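Engineer: Sequence and computational prediction follow.
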Amino acid sequence: MTRHPVLFRFLVMALTSLELHHADAAPVDQLRYRRPISVDAAGGEELVAFRLDAPVAAATEIGFPDIRVIDGAGQEVSRIIRRASVVKLRSVRRLFPVEQPRLKPLPGGGLEIEFSIDPEKQPFSIDGFRVETPLRNFEQRVQVHRLDEAGLWQPVGDDTLLFDYSQYMDTRQLDVSLPKEPRYPAGGTWRITVDEPTIEQQSTLSEVVRTLEGNAERSRQEKTVVVRQPFRIDSIQVWHTDDAAEIKVAEGIEMPIGEFRVKNEPNEKRTRVLVTSGREPLSSLRLSVADRNFGRPARVERSLPEPRNREAGGRPRQVLGSAWIHRIDLRGIRSEELAITIPESRDAAYEIVIDNADSQPLDITGVSAVGPAYEVVFLARQGNVYRLAYGAGNAEDGPFPAPHYDTVAIDAALAAGKLPLEGALGEVEEVPFEAPTRPWLARLLGNPWLIGGTILLLAALLGVSLFSAAKRLDTKE
């Protein structure tokens, strides 16, 4: 009765060793390709990001577990892989009110407005002023001066015309822009001179005097009232312009396809376009069509793995995406959409199915593919060299194990809005190596039929052991 427990323990130990074998991290020397990473780290550690191009995507596995960043000593560097992003800069104007302005009417009818800007409260360069007024339909000329270190007023730029032409169009200009060069520092004492703060406006009311002789009108006089109104200023604001960065997901990149073949099926009233791929990640397939003025429903399909014990009749298919492809090219009307979006896929073959109904098949002249853009982000040290290692060289052991790095610093820097330096990949170099051979026991234990049979045998042995133990207890009683 001791043979069963011994055999039971042996099988458990074998399965445990198999799990430990699969849990071992694959070394970097099992990756087939190397590419240098050009990076200019100015000092200390810098955040660096570089794009993964189509050749890298084609040579790697799903999810990029077989991508490593290694330094000059061949040691792995912590990295993350994310959707590539682009940074677009846009100008943002920030306004701050002028505090305690001082007004001084001039003998000739002008008006001077002096004010000081505290550089501690507003520590930014000054790009211009905004004169807020509730008035409509006016023209007013202003001039800006700044007090220099010698105590003299120096003109800043040329005269600026402020206006409102509401009676003709909704056009209004209240900004006084300063020259870009020289750029004036924060703070200082400023003066805005209004040429003539009183505006003459024609009133909408008219006075008509008629002279009558009997019932006949002998003369008519029409007088228009001219109203002089002051140039009312509600407030003056100082503004400067910042460059704000907008981070957006980058557009997809062109992915190569192997070949395409068009197959028309008149009885089914459809066209099939068979497309082969190198298993690059694809997110869209686009047709090139010679025809004009058409619209057809189309979809992208792929074959699913054939289930066991399936009767004859072809492999099952899955629809990945569909779209209404069309082109309208008439006088004054132009519209086109020939791309079909699909979830990110890494299949070796796709089929584009076009339903023609009773129309003639389209003249398909080409197929192109687009895939999502990914980038690798890591921390680079000044003076160190880095390379990208990728491409699992041995798929016999199953999927290449993904690394688990400490990426707290990278995540914190990205969350704080830090923009990585842009790196670039150099020429590819294939590393000659022999795929590691697995021990005979590992190959034996890697057999799924053996694993399943072992589990069944363990269950049977466990049942026999429990039955024998229960029988011995009954005998003792």
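Structural biologist: Nice, thanks for sending it over.
Engineer: Verify the contact between Phe124 and His240 for me.
Structural biologist: Yes. Between Phe124 and His240 there is a contact under CB atoms under 8 Å: 4.6 Å. C-betas here are computed from N, CA, C, even on glycine.
Engineer: Could you check how far the spatially most central residue of the chain is from Ala84?
Structural biologist: The centroid of the chain falls nearest to Val249 when counting by CA atoms, centre = their mean (0.7 Å). Counting by CB to CB, to the nearest Å, the gap from Val249 to Ala84 is 7 Å.
Engineer: now do Leu274
Structural biologist: 30 Å.
Engineer: more crowded one of these two?
Structural biologist: The neighbour count for Leu274 versus Ala84, taken as other CB atoms under 10 Å, is higher for Ala84 (20 against 14).
Engineer: So which residue of the chain lies furthest out from the middle?
Structural biologist: Among residues of the chain, the one most distant from the C-alpha centroid is Gly214; the distance is 84.7 Å, by CA atoms, centre = their mean.
Engineer: ok, that one - contacts?
Structural biologist: Not one residue lies near Gly214 by CB atoms under 8 Å, 6 or more residues apart in numbering.
Engineer: Check the gap between the closest residue to Asp234 other than its chain neighbours and Phe138 for me.
Structural biologist: What sits nearest to Asp234 in space, not counting adjacent residues and going by CB to CB, 6 or more residues apart in numbering, is Glu132, at 4.5 Å. Glu132 sits 13 Å away from Phe138, going by CB to CB.
Engineer: between those two, who's got more neighbours?
Structural biologist: Phe138 (17 against 13).
Engineer: Okay, and the beta partners of that one?
Structural biologist: Note on Phe138: beta-bridge partners by DSSP bridges are Asp164.
Engineer: from memory it sits against Tyr165, does it?
Structural biologist: No. Contact criterion CB under 8 Å: Phe138 and Tyr165 do not qualify, at 9.0 Å.
Engineer: Burial check on Ser116, number of neighbours?
Structural biologist: Residues lying near Ser116 (other CB under 10 Å) number 15.
Engineer: Tell me which residues touch it, please.
Structural biologist: Going by CB under 8 Å, 6+ apart, the list of residues near Ser116 reads Gln100, Gly187, Gly188, Thr189, Trp190.
Engineer: do the same with Ala84
Structural biologist: Residues near Ala84 by CB under 8 Å, 6+ apart: Ala49, Arg51, Leu52, Val249, Ala250, Pro372, Ala373, Tyr374, Glu375.
Engineer: Now with 10 Å, please.
Structural biologist: Contact analysis of Ala84 by CB atoms under 10 Å, 6 or more residues apart in numbering lists 49-52, 249-253, 372-377.
Engineer: Could you confirm Ser468 falls within a helix?
Structural biologist: Yes. Membership of Ser468 in a helix is supported by DSSP: H, G, I helix; E, B strand; the rest coil.
Engineer: Tell me the pLDDT of it.
Structural biologist: Listed pLDDT for Ser468 reads 73.
Engineer: which residues do Val249 and Ala84 both contact?
Structural biologist: Going by CB under 10 Å, 6+ apart, residues that sit against Val249 and also against Ala84 are Pro372, Ala373.
Engineer: Identify the contacts common to Glu132 and Phe138.
Structural biologist: Residues touching both Glu132 and Phe138 (CB under 10 Å, 6+ apart) are Arg232.
Engineer: Toward the C-terminus, what is the element adjacent to the host helix or strand of Val370?
Structural biologist: Here Val370, judged by DSSP states H and E, is contained in strand 364-371. Using DSSP H and E, the next helix or strand after strand 364-371 towards the C-terminus is strand 374-381.
Engineer: Show me the shaky parts of this structure.
Structural biologist: 1-26, 43, 198-210, 223-228, 306-315, 393-398, 433-454, 458, 467, 469-477 (pLDDT under 70).
Engineer: Number of residues surrounding the spatially closest residue to Gln100 that is not a sequence neighbour?
Structural biologist: Distances taken as CB to CB, 6+ apart put Phe115 closest to Gln100, at 6.8 Å, once the chain neighbours are dropped. A count of nearby residues for Phe115, using other CB under 10 Å, gives 18.
Engineer: just Thr271 next, same as before
Structural biologist: 20.
Engineer: Nearest residue to it in space, please, no chain neighbours.
Structural biologist: Per CB to CB, 6+ apart, closest to Thr271 is Ile354, 4.4 Å.
Engineer: Now name the helix or strand holding that neighbour.
Structural biologist: If you go by DSSP H and E, Ile354 is part of strand 349-355.
Engineer: With Ala459 instead?
Structural biologist: Assigned by DSSP H and E, Ala459 falls in helix 448-476.
Engineer: Kindly report the same for Glu217.
Structural biologist: Using DSSP H and E, the element containing Glu217 is strand 216-230.
Engineer: again, but for Phe124
Structural biologist: Here Phe124 is assigned to no helix or strand, by DSSP H and E.
Engineer: Leu95 is in contact with that one, correct?
Structural biologist: No. Phe124 is not in contact with Leu95 according to CB atoms under 10 Å; the separation is 11.4 Å.
Engineer: which one of these two has more residues nearby?
Structural biologist: Per other CB under 10 Å, whichever of Phe124 and Leu95 has more neighbours is Phe124, with 17 against 12.
Engineer: any idea how far Leu31 is from the more buried one?
Structural biologist: Separation of Phe124 from Leu31 (CB to CB) stands at 50 Å.
Engineer: cool, Asp66 as well?
Structural biologist: Relative to Leu31, Asp66 is positioned 6 Å away (CB to CB).
Engineer: Mutual contacts of these two, please.
Structural biologist: Listed contacts common to Asp66 and Leu31 are Ala59, Thr60, Ala389, Tyr390, Gly391, Ala392, Gly393, Phe400; contacts here mean CB under 10 Å, 6+ apart.
Engineer: related to what we said a few turns ago, quick one: the strand holding Ile354 to strand 364-371, angle?
Structural biologist: 130 degrees (axes from the mean of the first three to the mean of the last three CA atoms, to 10 degrees).
Engineer: Which residue, other than its chain neighbours, is closest to Ser85?
Structural biologist: In space, and not counting its chain neighbours, Ser85 is closest to Ile247: 5.1 Å by CB to CB, 6+ apart.
Engineer: Checking the one you found next. Helix, strand or coil?
Structural biologist: strand.
Engineer: what's the neighbour count on it?
Structural biologist: Ile247: 12 neighbours (other CB under 10 Å).
Engineer: give me every residue that touches the residue nearest to Asp234.
Structural biologist: Residues counted as contacts of Glu132 (CB under 10 Å, 6+ apart) are Leu95, Pro97, Leu174, Arg232, Ile233, Asp234, Ser235, Ile236, Gln237.
Engineer: what do you get if the cut-off is 8 Å, keeping everything else the same?
Structural biologist: Contacts of Glu132 (CB under 8 Å, 6+ apart): Leu174, Ile233, Asp234, Ser235, Ile236, Gln237.
Engineer: could those residues go into a markdown table alongside distance to Glu149 and secondary structure?
Structural biologist: Formatted as a markdown table, the contacts of Glu132 follow (distance: CB to CB, whole Å; DSSP: H, G, I helix; E, B strand; the rest coil):
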| residue | distance to Glu149 | secondary structure |
| --- | --- | --- |
| Leu174 | 31 | coil |
| Ile233 | 29 | coil |
| Asp234 | 32 | coil |
| Ser235 | 29 | strand |
| Ile236 | 24 | strand |
| Gln237 | 26 | strand |
